[in-house]
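Enquirer: Fold the following, please.
(one chain, ligands or ions: 1)
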Amino acid sequence: MVILGKEAMKSIKRALLGGLAASSLLLSGVAHAVGDSPGGPAVNELNFQPPVTSIAHELYDLHTLMLLICLVIFIAVFGVMFYSIFAHRKSKGYKAAHFHESTTVEILWTVVPLVIVVLMALPATRTVIAMKDTSNADLTVKVTGYQWKWGYDYVKGPGEGISFISTLSTPRSEVEGQTPISDTYLQEVDHPLVVPVNKKIRIITTAADVVHSWYVPAFGVKQDAIPGFVRDTWFKVEKVGTYRGFCTELCGKDHAFMPVVVNVLSDDDYAAWVKTNQPAAGAVALTGAAHSGPYTQAELMEHGEKVFASNCAACHQVNGQGAGPFPSLVNSKVVTGPLADNVNLVLHGKGLMPAWGGTLNDLDIASAITFIRNSWGNHTGDVVQPDVVTGARGGKQPDLKSAADTSLAKSAT
Ligand SMILES: [Cu+2]
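Expert: Down below sits the predicted model:
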């Protein structure tokens with residue numbers, strides 16, 4: 001006999017109660033009054049989302065065609081079967097026919113399905129080949145999957161040089177059930193991908209940690225993002241609007257929290273968007289290689305604020321006050337304590353805190369730490385240069401005395 005511990009019994013009970021609650025929700029009908037998500041799925045939607053690219057149209061038509069073929073086969077097979085059972089029933093005195101090893105029948109039931117499969121495969125192959133044709137794109141965007149957000153880099157075409165991280169913007173209170181959920185629950189982000197209408201957009205996918213997949217149903221686009229590999233796909237949207245998708249490769253605990261949102265703009269609107277978002281020529285490019293000499297505190301603070309907003313603020317809040325299990329960063333032991341510990345914690349994570357070393361580059365981490373250690377009443381005066389982070393990555397404890405900036409040494413005492 002298996003003897004279960006008290007804790008195990010408790011969790012089984014909880015699971016059973018959870019299951020009961022879920023099924024009663026299903027039985028009681030709609031639990032929340034949620035409407036159609038604009039650009040995303042509709043309530044009680046049974047078919048595909050309305051297609052807005054040529055590929056999505058083809059997929060939609062292929063799907064309809066295949067279902068019709070299946071329906072015809074279904075009706076034919078069951079029609080013959082039920083007719084035979086009824087018309088040739090035993091009570092009428094019919095005797096079963098015997099045609100074992102009939103060559104005619106065997107040829108027929110091989111050739112007919114083969115012809116049907118070939119008829120289905122021909123148009124499908126044409127579409128698959130069209131999906132793979134990423135040549136002559138007007139704009140190329142690299143999409144990087146992270147646990148759990150998307151990175152977009154405009155690598156070629158109008159908007160070249162723009163790069164940002166796209167993070168879920170659904171408030172924590174909706175996730176935890178404290179406030180009612182909106183129609184775009186878990187389908188909204190802080191920075192959507194922005195592309196022009198009627199232009200061929202090539203998407204290059206890759207990932208920085210585990211396998212993700214970039215999926216927008218209305219575009220008919222779904223492409224795996226695999227660490228160490230580069231894959232590509234394309235789309236050309238016919239209609240201005242916002243379209244919603246999601247990561248569709250199970251990628252860890254927050255897999256459901258990394259939606260894809262694409263804003264499709266008219267040419268003029270897109271040009272205006274590029275103008276306000278493209279890094280201006282001559283401005284300080286905080287990309288590491290382009291910068292000569294150590295960064296100033298102001299540069300790091302400015303960049304660090306952005307890094308913090310798109311990566312850390314979800315848990316620690318924009319004002320650094322923290323929430324729930326996420327500690328406040330204001331006057332905290334880590335943030336005002338030894339810099340080495342702070343760098344290592346950000347790089348390698350601890351408990352609920354992810355290891356940012358896998359997601360952010362040295363400059364991002366150095367900037368974020370500089371920002372955190374000099375904001376909201378934290379006045380360490382520390383200026384963390386990217387090479388300190390580079391050193392810490394290599395297992396080297398940040399050697400504060402040898403760092404370029406002497407103000408680093410202050411926090412060591
Ligand atoms: Cu993912």
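
Enquirer: can I see the domain layout of the chain?
Expert: 47-83+105-133, 139-177+184-277, 297-412 (automatic domain parsing).

Enquirer: how about those in JSON lines, adding mean neighbour count?
Expert: In this view, the C-beta of every residue, glycine as well, is placed from N, C-alpha and C. Below are those laid out as JSON lines (neighbours: other Cβ atoms under 10 Å):
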{"stretch": "domain 47-83+105-133", "mean neighbour count": "13"}
{"stretch": "domain 139-177+184-277", "mean neighbour count": "19"}
{"stretch": "domain 297-412", "mean neighbour count": "18"}
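
Enquirer: Which of those domains has the lowest mean pLDDT?
Expert: In terms of mean pLDDT, the lowest-scoring of the domains of the chain is domain 297-412 (a mean of 78).

Enquirer: Run through the helices of the chain in chain order.
Expert: For the chain, the helices defined by DSSP state H cover 6-27, 54-87, 103-132, 172-175, 267-277, 297-307, 313-316, 333-336, 339-348, 362-372, 386-393.

Enquirer: picking that back up, I'd like the domains of the chain as a markdown table, with distance to the ion appended.
Expert: Below are these laid out as a markdown table (distance: least, Cβ to the ion, whole Å):
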| stretch | distance to the ion |
| --- | --- |
| domain 47-83+105-133 | 20 |
| domain 139-177+184-277 | 3 |
| domain 297-412 | 13 |
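
Enquirer: between these, which gets nearest to residue 99?
Expert: With Cβ to Cβ as the measure, domain 47-83+105-133 is the member of the domains of the chain nearest residue 99 (6.2 Å).

Enquirer: so residue 179 touches residue 172, yeah?
Expert: No: using Cβ atoms under 8 Å, residue 179 is not in contact with residue 172, being 9.6 Å away.

Enquirer: Any figure for the gap between the most centrally placed residue in the chain and residue 212?
Expert: The centroid of the chain falls nearest to residue 247 when counting by Cα atoms, centre = their mean (3.5 Å). According to Cβ to Cβ, to the nearest Å, residue 247 stands 5 Å off from residue 212.

Enquirer: can you list residues touching both of the two?
Expert: Common neighbours of residue 247 and residue 212 are listed as 145, 150, 258 (criterion: Cβ atoms under 8 Å, 6 or more residues apart in numbering).

Enquirer: Look up how far residue 241 lies from the last one.
Expert: With the distance defined as Cβ to Cβ, residue 258 ends up 21 Å from residue 241.

Enquirer: now swap in the second one and tell me
Expert: From residue 150 across to residue 241, the span is 19 Å (Cβ to Cβ).

Enquirer: Kindly report the same for the first one.
Expert: Distance, residue 145 to residue 241, by Cβ to Cβ: 24 Å.

Enquirer: Verify the stated contact: residue 227 with residue 205.
Expert: No: between residue 227 and residue 205 there is no contact under Cβ under 8 Å: 10.8 Å.

Enquirer: residues in contact with stretch 341-355?
Expert: Against stretch 341-355 from outside (Cβ under 8 Å, 6+ apart): 147, 315, 325-326, 334-335, 356-357, 365, 368-369, 372-373, 384, 388-389, 392-393, 397-398.

Enquirer: Alpha carbons of it, as PDB, please.
Expert: Extracted in PDB, the C-alpha atoms of stretch 341-355 (Å, rounded to 0.1, in the frame of the first residue of the first chain):
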ATOM      1  CA  ASP A 341      27.100  40.700  -5.500                       C
ATOM      2  CA  ASN A 342      24.700  42.900  -7.400                       C
ATOM      3  CA  VAL A 343      26.400  42.100 -10.800                       C
ATOM      4  CA  ASN A 344      26.400  38.400 -10.000                       C
ATOM      5  CA  LEU A 345      22.800  38.300  -8.900                       C
ATOM      6  CA  VAL A 346      21.600  40.000 -12.100                       C
ATOM      7  CA  LEU A 347      23.800  37.700 -14.300                       C
ATOM      8  CA  HIS A 348      23.000  34.400 -12.700                       C
ATOM      9  CA  GLY A 349      19.600  35.000 -11.000                       C
ATOM     10  CA  LYS A 350      18.300  33.600  -7.800                       C
ATOM     11  CA  GLY A 351      14.900  32.200  -6.900                       C
ATOM     12  CA  LEU A 352      12.300  33.900  -9.000                       C
ATOM     13  CA  MET A 353      14.800  36.300 -10.400                       C
ATOM     14  CA  PRO A 354      15.900  35.000 -13.900                       C
ATOM     15  CA  ALA A 355      19.500  34.800 -15.000                       C
END
